[in-house]
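> the following comprises the amino acid sequence and a computationally predicted model.
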Amino acid sequence: MRRRDVLRALGALPLVASGCLVRESEELPAAEPARAPGAALPVLFAAHGAPPLLEDAEWMAELAAWSAALPRPRAVLVLSAHWERRPATLSATQPVPLIYDFYGFPQRFYERTYAAPGAPELAERVRALLTARGQEVADAPTRGLDHGAWVPLLAMYPAADVPVLQLSLPGLDPWALVELGRALAPLRAEGVLVLGSGFLTHNLAHAFDPGVPSWARDFDAWTADALARRDVDALARFREVAPGAREAHPTWEHYAPLLVAVGAAEDARAVSFPITGWWHGGSLTKRSVQLG
């Protein structure tokens, strides 16, 4: 099945209205983190689905419950599978229109908005952290949030009252992505939620095959085990050592944000999986990860 056909099929999935609304306001209140002074926030990796996630009541509720159980962040830094650009690039720091980087879906998905405040101070802090490690940083001042960012955020912070910044993936070198995460690690103690957004299995050619294929189950289980053991080397070398890796990720941009998250939370020993299961009983795992 071609990618275009898969995307059109996703747009035709039966949907259940979630009742989750976005509150828009000209004056958005500042987000105050409800956390102990000096306590580091966890780092997250969220499976973000496609736009139909927004009308999947169960998945929306799972994402909402997850964020409600977390300390309130001062800001969110998102690394999405849908933005790869060298060098590491900062998105707009003031509100700009969203990016609707999908096609073949009902018109209502192209009318969704997410008017989160910009995060110029966070952008400067990220720039400082990366340049201190010799990493180049660029700017994309007109780039809005892509669907890998705003789709999960609509569920997790539907009031759109937490400042959001997006950072690009600067290529697909596994250890470079881990090092990027390590550079961002100090943000955790500063009230910033680092959120990787992708999919732990992502083979659209088999997205609508009946049942969960063995390669998807094997890769999902292997990843969960490697994360639980905090085996950074295995996670970075997944294409060499993980069962089902080539089938789970013919291209692996949807796995890449996980490596950034692992690097950002390398000193956090706790690992949990707040959301698990399979989307529509197929090959796409909903497994999401909390580190710390």
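That came in fine, so what should we check first?

> poorly predicted segments of the chain, please.
Within the chain, the segments meeting pLDDT under 70 span 1-38.

> can you pull out the strands in it?
Secondary structure of the chain by DSSP state E: the strands cover 43-47, 75-80, 88-90, 137-139, 164-166, 192-198, 271-275, 288-291.

> tell me what the third one is packed against?
Using 3 or more C-beta pairs under 8 Å, 6 or more residues apart in numbering; DSSP states H and E as the contact criterion, the neighbours of strand 88-90 among helices and strands are helix 120-132, strand 137-139. Bear in mind the C-beta positions are built from the backbone N, C-alpha and C, glycine included.

> if we can go back for a sec, export the strands of the chain as JSON lines, with columns for mean neighbour count and distance to residue 212.
Formatted as JSON lines, the strands of the chain follow (neighbours: other C-beta atoms under 10 Å; distance: least, C-beta to C-beta, whole Å):
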{"stretch": "strand 43-47", "mean neighbour count": "28", "distance to residue 212": "14"}
{"stretch": "strand 75-80", "mean neighbour count": "27", "distance to residue 212": "25"}
{"stretch": "strand 88-90", "mean neighbour count": "22", "distance to residue 212": "35"}
{"stretch": "strand 137-139", "mean neighbour count": "15", "distance to residue 212": "40"}
{"stretch": "strand 164-166", "mean neighbour count": "26", "distance to residue 212": "31"}
{"stretch": "strand 192-198", "mean neighbour count": "27", "distance to residue 212": "19"}
{"stretch": "strand 271-275", "mean neighbour count": "16", "distance to residue 212": "16"}
{"stretch": "strand 288-291", "mean neighbour count": "24", "distance to residue 212": "17"}
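
> to residue 102, which of these lies closest?
Smallest distance to residue 102 across those (C-beta to C-beta): 12.7 Å, for strand 75-80.

> who are the packing partners of the closest one?
Against strand 75-80 (3+ C-beta pairs under 8 Å, 6+ apart) you get helix 120-132, helix 147-156, strand 164-166, strand 192-198, helix 256-264.

> out of the ones you listed, which comes closest to residue 85?
Short answer: strand 164-166, nearest of the helices and strands packed on strand 75-80 by C-beta to C-beta, at 10.6 Å.

> what's the closest one in contact with?
75-80, 83, 90-91, 93, 116-119, 122-123, 126, 143, 145-146, 149, 153 (C-beta atoms under 8 Å, 6 or more residues apart in numbering).

> re earlier: adding distance to residue 215, write the helices and strands packed on strand 75-80 out as JSON lines.
Below are the helices and strands packed on strand 75-80 laid out as JSON lines (distance: least, C-beta to C-beta, whole Å):
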{"stretch": "helix 120-132", "distance to residue 215": "36"}
{"stretch": "helix 147-156", "distance to residue 215": "23"}
{"stretch": "strand 164-166", "distance to residue 215": "31"}
{"stretch": "strand 192-198", "distance to residue 215": "18"}
{"stretch": "helix 256-264", "distance to residue 215": "18"}
